[in-house]
Every structure is written in structure tokens, then in C-alpha cells.
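In: can you look at this prediction? I've put the sequence above it.
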Amino acid sequence: MSTPDWIKINFKNFASVEIELLQNKFVDSWYRAFINNLHLNRWTRDQTLMLNRGRHIMSTHTQHINDAKMIVDKINASIRTVESLTGKKWLGYAYVGMSWETTNYLHRGFTTSMITGFKTPYLSKELRNEIADMKKNVVTHYQLAEFILNHKTFDDFYQLGDNISDEFLNALEKINAYIHMYEVTYLRSSRAEESTSLYTNEQDRPSGGIAFDIDIKTIDGNSHSKPYEEPVQANLSQFAFNGPEYNVYALKKILGKDYLTAYFQFDDPSAWDISNSMIIDGSFEIDYNENYNYLYNTSGFKHWIENYGLQNRNIYNNYQIGKVKSQEFLTDTKNTQPKNIITDNPILAKSENLGSDWDITSIESSHGVIL
């Protein structure tokens, strides 16, 4: 299956966008996944890159505290399920008023459990230091996974053997899902505030981008569909950044966070689970406000990334797949800045999307009609 020179996507609202695709091995992999997942439900949404904008102020309002406690209770109930099934004390608990430091720590317990095949939520300090050195060069998730599992300090904390139950897996997924829910709802980032305030003294920089995702998970992190996926292996890592003019990106699919998220959330970019991509599934986003390139070039991000020796742009740049050819689409979208609407559909992975007007009605390519 060869990659076409372009694809054109037509929407229910009569808008259309033509995307000129890069011709490289990463985009070949992305296009295979795109074609193989066309049968899945789509989830089109406004996706802001200015994560958690505004300073963190935990309200003392009773309802606010009660809502936060409800999420915290769900996190801790899942942690206690893990403890009950393994007989081991986990690495900590959630609490109302916790900061990025705590949510990052708890979240890394989930990601590390997953990458180690449900062996441990911990990595030794020696191993973490060696990973930090490895990441100063372009290294993929899968190379790090192999390195971790074969390291001399690697230890089987859970000691479950082959007795890995659905209950255990579901508890880990819920820890992840509800930590993210707590972060989005109750934590704010001064770095996001600083990044937008550089744009103008009087108004925020427009932060939206249109994400064309596939709908495969419920709100608590459980999967309801199985997509076709390809791994981002070492031979693809050279294709992340192709130039500032490319404004269409493969959506990040990561067991962890991308570098911009880590920056806004005061996380450690030298950790194993901070990556620019892990899985390719054919989802993508149009950065019509050109925020990726803007944010990567802010003094705050550049100083942060250079401090860890990670300034090779192929390390941190989200993977580009092409650029929008339709200037009319870019102009109209910039003018309207489409926003999510709230739905109450419990099957959707999230409760927000752009609504049915942005449903894809057909897809054409330089090879012919594909949908």
C-alpha cells in the first residue's frame, strides 16, 4: 500500500480540507493505520495545547471539595484493589489538594507497571539515571522497555506470575484515568499561563487544534474497540520534525506523556515515559493556530529542554505527517475557532467533541476515493 500525495477530507458542514502528506517511512506507517482503522467510530474534537492554563487555586467551596474528594476516592479505591490482589503496599495514595508532584508520581506508578509487564511500579535510581543519559540521544519507547526489563536492578515487586486478573488490569487503568481527570479539573499550570501571556498583553493566544481521533475507550479508561496499531520503532525516530511549515501531526499515543504535556505539568522529561510517540493508529490533528512550533520556540520550553540535554528536535517534536494545502480552510477555521460541545454519551471516551457538523462524510486521495 503506497502513501498518496494528498488526502482530502469532507465534512457534514460542507467544509473540506486537503492535506499534502510527507513521503517518508513514518507517514507510510501512519497511512497504513489510517486505512485499517477507517471502520472505527471517529471522535473529532477541539484539542488545546495550552494545557491547564491559569494558576492553581484549590477552591474552598464545599461542592468543589466534595467533587474533588469523589475523584480522589476512586483513585484510592483502585489503589487498594491493587494492594488487595498483590498483598503489597503501593507507592502512595491520592488526596484532595495534591500538586503536580504527587499526581506525576502516582501516574508513573501506573505507566511503569504497564511497561514492565505488571512486575513493578518502581525503577531504581541507578536505572532512572541511565535512562536519563540514554534519552539525550533519540531513543524509542520500545528500546527503553527492553533496557528496563534486562537491567540488573530490575525487581519483580508484584510477584503475580501468570495470575494477572482483569480486576488487577482494570484497577490500574482506573488509577490512570482518574488521575488525569483530577489534573484536568483541579490543577493549573503557571507555565501554560506564561506561554500564552507572551502572545499579547491583552488577550490569550488562540490555543485550539482539531483532533481526528478514533473512539476506543470509555471515560474510566477501559477499551471498547481494538484498533490497528503500529509501533514507533528506532528506524522511524528520524522523521519527527520535517520543518516549521508542516502543521498536520499524528496524534500522540503514549504510555505516559509527550514533552509539551510534561513541560506544562512540571514533570521530568528525562523519565522513561516522556516520549513524542509510541503507537501509530492513523489518528491526527490539524494545528491551524501553529501552536506546536510557537510553543517549542518559547524561551521557557527551550531552556527547560536544553537543561536536560534533549534539544535534538526529533526527540521532543510531535510527529508531523504533512501540511494543509487549503488556505481557505485555515483562514475560516482561525476565524471561527471551533469549540467542543458537551454530550452525555457514556460510550464516548470523553464527553466533549465538535458535534455532528464535523462528522467526516467522505475522504478522497490522489489515489481515488477511500471513504
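Out: Perfect, thanks for sending it. Since we're looking at a predicted model, the values are computed, not measured.
In: in what helix or strand does the spatially most central residue of the chain lie?
Out: Centroid-nearest residue in the chain, with CA atoms, centre = their mean: K252, separated by 4.7 Å. K252 is located outside every helix and strand, with elements delineated by DSSP states H and E.
In: that one and L38, how far apart?
Out: 20 Å (CB to CB, to the nearest Å). C-betas here are computed from N, CA, C, even on glycine.
In: ok, T185 next?
Out: Separation of T185 from L38 (CB to CB): 33 Å.
In: and the residue nearest to V72 when sequence neighbours are not counted, how far from M70?
Out: Once flanking residues are discounted, V72 sits nearest to A94: 4.6 Å by CB to CB, 6 or more residues apart in numbering. Using CB to CB, one gets 11 Å for the distance from A94 to M70.
In: ditto for D281
Out: D281 is 32 Å from M70, by CB to CB.
In: and the two? Which one has more around it.
Out: D281 (21 against 11; other CB atoms under 10 Å).
In: ok, now which ones touch the more buried one?
Out: A33, N37, I214, P227, Y228, E229, E230, L251, K253 (CB atoms under 8 Å, 6 or more residues apart in numbering).
In: in strands, which of the residues you listed appear?
Out: I214, E230 (DSSP state E).
In: between the contacts of D281, which sits nearest R205?
Out: Distance to R205, by CB to CB, is smallest for L251 among the contacts of D281, at 21.2 Å.
In: spit out the contact partners of the nearest residue to the closest one once chain neighbours are set aside.
Out: Setting aside the residues directly before and after it, L251 is nearest to S283 in space (CB to CB, 6+ apart), at 4.0 Å. Neighbour list for S283: N37, A211, F212, D213, I214, A250, L251, K253 [criterion: CB under 8 Å, 6+ apart].
In: how much space separates the last one from I131?
Out: In this view, K253 and I131 are 21 Å apart by CB to CB.
In: immediately after the longest helix along the chain, which helix or strand?
Out: In the chain, ranked by residue count with DSSP state H as the criterion, the top helix is helix 62-86. Heading C-terminal from helix 62-86, the first helix or strand you meet, by DSSP H and E, is helix 100-115.
In: mean confidence (pLDDT) on that following helix, please.
Out: Across helix 100-115, pLDDT averages out at 97.
In: likewise stretch 3-21?
Out: 96.
In: so which bits of that stretch are buried?
Out: 3-4, 7-11, 15-21 (16 or more other CB atoms under 10 Å).
In: work out the gap between the helix or strand of the chain with the lowest mean pLDDT and the centre of the chain.
Out: Sorting the helices and strands of the chain by mean pLDDT, DSSP states H and E puts helix 190-197 at the bottom, at a mean of 74. From the chain centre to the centre of helix 190-197 is a distance of 20 Å (CA atoms, centre = their mean, to the nearest Å).
In: start the count at 50, not 1, going forward
Out: Got it, the first residue is 50 from now on, which makes the last one we talked about helix 239-246.
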